[in-house]
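K.L.:
Show me the folded form of this:
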Amino acid sequence: ILQNLQHGIHKQQHPRRIYKFLRYASIVVVVLSVLGGAYFGLQSSQPSAPVYTYVSVKAGSKSVIMLPDGSRVSLNGNSRLRYNIMPGEHREVVLMKGEAYFDVTKDPSCPFRVKVNDMQIEVLGTQFNVRYHKGVIETALFTGAVRLSSSAFAKDYRLYPGKKSIYQLASHHVTIC
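P.N.:
Okay, the predicted model is just below:
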């Protein structure tokens, strides 16, 4: 009789332990899920570092690239640039060396900026050429208008179609012709 009683008590305690364990395990899973969701939600809402795409063209070659906003860039040989384009948010290109012809898609709400050394060219939609070679930055405008700015300039310069700027990096001198 004693053995039957012990066996009956043991049977009743075993399911209770399982239910108690499952209850605590489910609480732990719910808490971890909430914490994990909060962590990943905060991570995705924080701004991330800009992602640049690099393009290099070997000497003697030419290349045409289409940017994500629909703008087209033609690169001459021995040229290198990087860009970070998010249509409707920001449009930035950095010409590190060489020569590039830009045919920019118009977007009045999001200006297109080309940085060359310490100079910035800002456009809304236009066609222009930039050449960066041996300490000189030349900008030739075909259509539209661009604004040239730099911390080294006393004022900003505006180019109109058919005009060209020559910027001497060493002397910070700008000539418009």
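K.L.:
tell me which element the residue nearest to residue 54 when sequence neighbours are not counted is part of?
P.N.:
Excluding its sequence neighbours, the residue lying closest to residue 54 (Cβ to Cβ, 6 or more residues apart in numbering) is residue 82, at 4.8 Å. All C-beta atoms are positioned from the backbone trio N, CA, C, and that covers glycine. Assessed by DSSP states H and E, residue 82 sits inside strand 79-86.
K.L.:
With residue 33 instead?
P.N.:
Using DSSP H and E, residue 33 sits within helix 2-45.
K.L.:
immediately after that helix, which helix or strand?
P.N.:
Counting by DSSP H and E, what follows helix 2-45 is strand 53-57.
K.L.:
Mind exporting the C-alpha coordinates of the following helix or strand past that following strand to CSV?
P.N.:
Where DSSP H and E defines the elements, the next helix or strand beyond strand 53-57 is strand 63-66. Presented in CSV, the C-alpha positions along strand 63-66 are these (Å, rounded to 0.1, in the frame of the first residue of the first chain):
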residue,chain,number,x,y,z
SER,A,63,33.1,54.7,-68.9
VAL,A,64,29.4,55.8,-68.6
ILE,A,65,27.5,55.1,-65.4
MET,A,66,23.9,55.6,-64.5
